[in-house]
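Trainee: okay, predicted coordinates and the sequence, questions at the end:
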Amino acid sequence: MTFLADKPSVELLVIFTPNFLSYPEGKLTFDLISFLIYIVPRLYIFIAFGDFFYEDFRISSVYVFTRKDNRVRWFIDKLFQISKDLVFYFVIITVTVAIAALVNNLPVLSVQHFLLICTVSVVLNVIVILIIILLTNILSLYIMNAEISLFITLLVYTFMYFPAFIKLSDSLQHLLIKINPVLQAVLVWHNDGFLQKYLKPLDAPVIPGFNFYWSLLILGMYLVLIILAGIKMIKTVEIIDRK
């Protein structure tokens with residue numbers, strides 16, 4: 001990302017380092033280094049929590065799920081626990097990037113925008129990964145196999161990146177990106193004013209109507225659906241001793 005050298009700042013590094021994917025310009029655009037920087041921290045936490053629900057269910061289901069009310073309470077408790085862990089994880093990543101920028105004498109051009117960018121980055125990343133983790137855990141409770149559910153979800157997760165690599169018509173490209181949950185945290189494609197202050201001088205591609213509030217709406221819809229599906233699954237899944 002040598003193009004950052006023209007107008008470097010802490011805010012710009014936070015926007016790009018954990019939240020950057022190249023916008024597809026040709027028939028196939030794939031920047032391996034940028035993709036690895038983007039996906040490896042997400043895959044790590046995704047795999048780490050891939051059996052978060054299933055392991056507890058396997059070990060203590062007989063004790064926890066003797067009443068239906070306990071099932072829903074257990075699910076909500078797990079949801080809050082994993083949400084707190086994800087917030088902590090992405091705060092650490094963001095703070096680490098900011099400290100690295102400060103150590104390298106990059107300036108903070110606006111404290112207000114810096115805090116806003118950090119908040120948006122953490123919020124969007126937490127919700128995106130929470131959705132994927134819930135999906136794989138709900139699937140594992142359905143098929144009673146955490147490894148298979150993790151493999152299936154990883155395949156789906158990887159496939160959902162195709163709008164970031166394959167060039168389509170602008171209208172279709174923009175639509176697929178705007179409704180794609182895994183791409184909502186790519187801040188360089190958002191057209192929010194506080195982001196464009198830093199991105200516009202770089203001529204970074206921008207998707208019309210793709211802003212923080214849109215991403216929050218789309219991710220909120222996916223999250224509500226997956227939570228409702230999870231509650232329904234928890235209420236109906238059979239208790240089997242699998243020790």
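Mentor: The structure has been received and is ready for your questions. Numbering: from 1, shown residues only.

Trainee: show the pLDDT at the residue most central in space within the chain.
Mentor: Geometric centre of the chain, nearest residue: Val128, 3.0 Å, by C-alpha atoms, centre = their mean. Per-residue confidence (pLDDT) for Val128: 95.

Trainee: pretty sure it belongs to a helix, no?
Mentor: Yes: assigned with DSSP: H, G, I helix; E, B strand; the rest coil, Val128 falls within a helix.

Trainee: show me what contacts it?
Mentor: Val128 is in contact with 42, 181-182, 184-185, 219, counting by C-beta atoms under 8 Å, 6 or more residues apart in numbering. From N, CA and C alone the C-beta is placed, and that goes for glycine too.

Trainee: and it, how far is that from Val182?
Mentor: Distance, Val128 to Val182, by C-beta to C-beta, to the nearest Å: 6 Å.

Trainee: correct me, but Leu13 touches Val103?
Mentor: No: between Leu13 and Val103 there is no contact under C-beta atoms under 8 Å: 11.2 Å.

Trainee: those two: which is more packed in?
Mentor: The neighbour comparison of Leu13 against Val103 (other C-beta atoms under 10 Å) goes to Leu13, with 20 against 8.

Trainee: surely the more buried one is within a helix?
Mentor: Yes: under three-state DSSP, Leu13 sits within a helix.

Trainee: for the record, mean pLDDT for stretch 114-121?
Mentor: For stretch 114-121, the mean per-residue pLDDT is 96.

Trainee: quick one: residues in contact with that stretch.
Mentor: Contact partners of stretch 114-121, identified using C-beta under 8 Å, 6+ apart, comprise 10-11, 14-15, 18-19, 90, 94, 98, 108, 185, 187, 192, 194-195, 212.

Trainee: one more: stretch 188-197?
Mentor: Residues from elsewhere that reach stretch 188-197 (C-beta under 8 Å, 6+ apart): 15-16, 19-21, 23, 110, 113, 116-117, 120, 177, 183, 187, 199, 204-212, 215.

Trainee: cool, and stretch 147-160?
Mentor: 43, 46-47, 50-51, 54, 132, 135-137, 139-140, 142-143, 180-183.

Trainee: mind checking which of those residues land in strands?
Mentor: Among the contacts of stretch 147-160, none falls in strands (DSSP state E).

Trainee: report the buried members of those.
Mentor: The neighbour count (16 or more other C-beta atoms under 10 Å) marks 43, 46, 50-51, 54, 132, 135-137, 139-140, 180-183 as buried among those.

Trainee: now for those: which two are most distant?
Mentor: Greatest spacing in those, by C-beta to C-beta: Tyr54 and Leu183 (27.1 Å).

Trainee: which residues in the chain form helices?
Mentor: 10-16, 32-48, 52-64, 68-103, 111-143, 146-159, 170-178, 193-199, 212-236 (DSSP state H).

Trainee: just name the most buried of the ones you listed.
Mentor: Scoring the helices of the chain by mean neighbour count under mean count of other C-beta atoms under 10 Å gives helix 10-16 as the most buried, with a mean of 23.

Trainee: now that one, how far from the centre of its chain.
Mentor: In terms of C-alpha atoms, centre = their mean, to the nearest Å, the centre of helix 10-16 is found 17 Å from the chain centre.
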